[in-house]
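Student: no sequence for this one, just the structure:
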């Protein structure tokens, strides 16, 4: 299992040096500033508006950056043939895939930690300076749950990208397929709840299709900012199940990906 | 003793048959050249040997075992043609990745890195990012990563490619030194004087077929042998 350490090291080194990584952090901070400006024009609860914007920016940047970085890692390794240098040394293809996955496990943790810390700090700070009538009691422990969920979902997204990289030969195709899964996986939960509630109004075929997709697609939904503001309680049972499902899904994709990658020709 | 055995290997990509029953063997302790024009099937043969692509038929044995066995590949060092490295890391960081992943004996590994980096005159660039390396430096770094694990067999795809005369000399000297230390080297090239200078034996591949295995006594005639085969098959077909 030594190779896991090596892959965690190289994945971190490779990606932390990207200029785009720092670009994302800077643009994220600017976006938070922008959300503060938007607050001035809002007639609604400013704390909530601020938290919603900050959270949307956070998840947007996390998912988008992970998509780009993960695609640029394994798909490019194969396209540019740098994978030869690793596999020729007796590292099995399964170990390579697992190593890359572990590398992203560590990288997404660092990424979510950095951006998530900014998110919590900004929400806390701006909540403090907002007018007292709208001020909320922040639930930082719930904030940590939100970040934990985002980490697992970001990791899951990187696994989706790795999975597509095991059989797609083109960088762009991998990116495109992963975006489709991300979009579908982000909305399927809401859609499923809608068709479950509106059983009479939705045709059976649509309901069955949505239910099937709900179980087949990975879910990228996370407890939102309302949990941090104490407006929504995190259901621990549901939360644990959701995390477990995401991790199991990652494991499943890695297993299938290993089987495919083992047979793939790297010409 | 045969350390590498390639038996009747055939490989097609779509309708194009690239390898048409390639067979040869490499003995322990020798430097074996693999000579052929561009597109003859040299790199494909090497990828088949390294289990990067699978043959349609035929067999490849490394140290008497199938080359698909990852354990057996741990005894092999490989330099692909035009090696591509992770560009955001330095040479030392890439080697650290290899060390963490594969070589538990840390201090011994870094001693070997210093030794070979100096031999290949790349020691001064170890802390530079690999994206800043020139083509020749990348080629020499590629050789460094192949030899640093002290493999018993080295498989080098066009190791002299992209090198200036000084770089070619450094690589040729290193191959000869490795041979003196009992290592086996199998390398492909189309630079015939290099074959004459450093090989014990060589084989010629043209249009996916091995046409000749040239023994040490005949190596000085390899250019004539090679050109004759090209004429027999037809220059247009070969090119």
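Tutor: Cool, got the structure. Model, not experiment: these values are computed from the prediction.
Student: Next up, the contacts around the closest residue in space to residue A:202 that isn't next to it in sequence.
Tutor: Distances taken as C-beta to C-beta, 6 or more residues apart in numbering or on different chains place residue A:195 nearest to residue A:202, at 4.8 Å, with adjacent residues excluded. C-beta here means a position set from N, CA and C on the backbone, and glycine is covered the same way. By C-beta atoms under 8 Å, 6 or more residues apart in numbering or on different chains, the contact set of residue A:195 is A:202, A:206, A:207, A:210, A:211.
Student: Residue B:223 too?
Tutor: B:192, B:196.
Student: I'd like to know how far it sits from residue B:229.
Tutor: 11 Å (C-beta to C-beta, to the nearest Å).
Student: just to revisit the earlier point, okay, the contacts of residue A:195 in JSON lines with pLDDT next?
Tutor: What follows is those, written out as JSON lines (pLDDT from 0 to 100):
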{"residue": "A:202", "pLDDT": "86"}
{"residue": "A:206", "pLDDT": "90"}
{"residue": "A:207", "pLDDT": "90"}
{"residue": "A:210", "pLDDT": "90"}
{"residue": "A:211", "pLDDT": "90"}
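Student: Could you list the buried residues of stretch B:183-194?
Tutor: For stretch B:183-194, a neighbour-count test (16 or more other C-beta atoms under 10 Å in any protein chain shown) marks B:183, B:184, B:185, B:186, B:187, B:188, B:189, B:190, B:192, B:194 as buried.
Student: What about those, which are in strands?
Tutor: B:184, B:185, B:186, B:187, B:188, B:189 (DSSP state E).
Student: Look at the residue nearest the centre of chain B and tell me its secondary structure.
Tutor: What sits nearest the mean C-alpha location of chain B, by C-alpha atoms, centre = their mean, is residue B:156, with 1.2 Å. Assigned with DSSP: H, G, I helix; E, B strand; the rest coil, residue B:156 falls in the strand class.
Student: Pull out the buried residues from the contacts of residue A:195.
Tutor: Listed as buried from these are A:202, A:207, A:210; burial here means 16+ other C-beta under 10 Å.
Student: Near chain B, which residues of chain A are found?
Tutor: Within chain A, the positions near chain B by C-beta under 8 Å from any C-beta of the partner chain are A:2-3, A:5-7, A:9-10, A:13-15, A:17-18, A:80-82, A:84-92, A:99, A:265-267.
Student: from the ones in strands among the buried residues of stretch B:183-194, which is closest to residue B:11?
Tutor: residue B:188 (15.7 Å; C-beta to C-beta).
Student: can you pull out the helices in the chain?
Tutor: No chain specified, so I'll use chain A. For chain A, applying DSSP state H gives helices covering A:2-16, A:19-41, A:46-70, A:76-79, A:83-87, A:93-129, A:140-165, A:171-197, A:204-216, A:236-263.
Student: let's do chain B instead
Tutor: Under DSSP H, chain B gives helices at B:42-49, B:70-73, B:91-102, B:106-119, B:135-147, B:165-180, B:192-198, B:222-233, B:235-238.
Student: Those into CSV, with extra columns for mean pLDDT?
Tutor: Shown next, in CSV, are the helices of chain B (pLDDT from 0 to 100):
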stretch, mean pLDDT
helix B:42-49, 94
helix B:70-73, 90
helix B:91-102, 92
helix B:106-119, 92
helix B:135-147, 93
helix B:165-180, 92
helix B:192-198, 88
helix B:222-233, 85
helix B:235-238, 56
